[in-house]
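Participant: no sequence on this one, just coordinates:
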């Protein structure tokens, strides 16, 4: 079974600075998807960024980018020019491609505080 | 945009009651999911459904059941609520087999007294 580990329960960053959230996973599969989701306080969880394992190029979405290290099974999220609206819980997720269901496994989350 | 609507944001029920949590989506997605979210535990899958009347157990199905009579609606049922089922419940949908993300509802914070 896959596991997803987010070793930083809480982090803080100064506004306009850069922060990196870590995520590691354990799998024996060679092809899969990885996601970062953001859950603002009392608001809906939304997708931040996704990465397909067969793609070597790291995904980027505006101020958000990932460092995908397949051999190390690491998938960290970098937030550049942090804004107050980035304060949220961030969840890393692994999606297996096996089976019709394609199970998604979530990490335990990292709470990000942005300091003005 | 995909809209996933959960019937209640906050719900308070008593031990032993039968509780229904409803989720409706407007994007004709085949796959629907129920998770519970607890601090330090992340999201844990309770049940999922890949088609009408089709359901599969997730990682923590004990004490729960589900119903999917129509494609757009997926209900989570607590047959006899217990205090350890106090939690945040999230419904999610996903369409197709491409690397599509899940789309989540706002969540229902359920308290069992």
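Facilitator: Received the coordinates, thanks. Remember, predicted model here, so these are calculated numbers, not experimental data.

Participant: and the lowest-mean-pLDDT helix or strand in chain A, does that touch chain B?
Facilitator: Within chain A, no helix or strand scores below strand A:104-106, which has a mean of 92 by mean pLDDT, DSSP states H and E. Yes. Applying Cβ under 8 Å from any Cβ of the partner chain, one finds strand A:104-106 touching chain B at A:104, A:106. In short, each C-beta sits where N, CA and C put it, glycine included.

Participant: Give me the distance between that strand and the centre of its chain.
Facilitator: 11 Å (Cα atoms, centre = their mean, to the nearest Å).

Participant: Can you report how many residues neighbour residue A:10?
Facilitator: Counted with other Cβ atoms under 10 Å in any protein chain shown, residues neighbouring residue A:10 total 10.

Participant: hang on, the earlier thing: what is the least confident helix or strand of chain A packed up against?
Facilitator: Contacting strand A:104-106 under the criterion 3 or more Cβ pairs under 8 Å, 6 or more residues apart in numbering or on different chains; DSSP states H and E are the following elements: strand A:3-5, strand A:88-96, strand B:42-51.

Participant: The helix or strand that it is followed by to strand A:88-96, inter-axis angle?
Facilitator: Per DSSP states H and E, strand A:104-106 leads on to strand A:110-115 as the next helix or strand towards the C-terminus. Orientation check (axes from the mean of the first three to the mean of the last three Cα atoms, to 10 degrees): strand A:110-115 against strand A:88-96 gives 150 degrees.

Participant: Could you list the buried residues of strand A:110-115?
Facilitator: By 16 or more other Cβ atoms under 10 Å in any protein chain shown, the buried positions in strand A:110-115 come out as A:110-112, A:114.

Participant: What pairs with that strand, parallel or antiparallel?
Facilitator: Counting by DSSP bridges, the strands paired with strand A:110-115 are strand A:10-14 (parallel), strand A:88-96 (antiparallel).

Participant: how far does it sit from the chain's center?
Facilitator: 14 Å.

Participant: Please give the element, helix or strand, for the residue nearest the centre of chain A.
Facilitator: Centroid check for chain A by Cα atoms, centre = their mean gives residue A:36 as the closest residue, at 3.2 Å. If you go by DSSP H and E, residue A:36 is part of strand A:32-39.

Participant: Any idea what residue A:39 is bridged to?
Facilitator: The partner residues for residue A:39, given DSSP bridges, come to residue A:89.

Participant: brain fart, residue A:46
Facilitator: residue A:38.

Participant: can you pull the pLDDT of the closest residue to residue B:5 other than its chain neighbours?
Facilitator: Nearest residue to residue B:5, sequence neighbours excluded (Cβ to Cβ, 6 or more residues apart in numbering or on different chains): residue B:24, at 4.8 Å. Residue B:24 is assigned 97 on the pLDDT scale.

Participant: Distance check, residue B:24 against chain A.
Facilitator: To chain A, residue B:24 is 15 Å away according to Cβ to the nearest Cβ, to the nearest Å.

Participant: I'd say residue B:33 and residue B:102 touch.
Facilitator: Yes. The criterion here is Cβ atoms under 8 Å, and residue B:33 meets it with residue B:102 at 6.8 Å.

Participant: what residues do those two have in common as contacts?
Facilitator: B:92-94 (Cβ atoms under 8 Å, 6 or more residues apart in numbering or on different chains).

Participant: Put together CSV for the residues you listed, with neighbour count and secondary structure on each row.
Facilitator: Putting those into CSV (neighbours: other Cβ atoms under 10 Å in any protein chain shown; DSSP: H, G, I helix; E, B strand; the rest coil) gives the following:
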residue, neighbour count, secondary structure
B:92, 25, strand
B:93, 26, strand
B:94, 23, strand
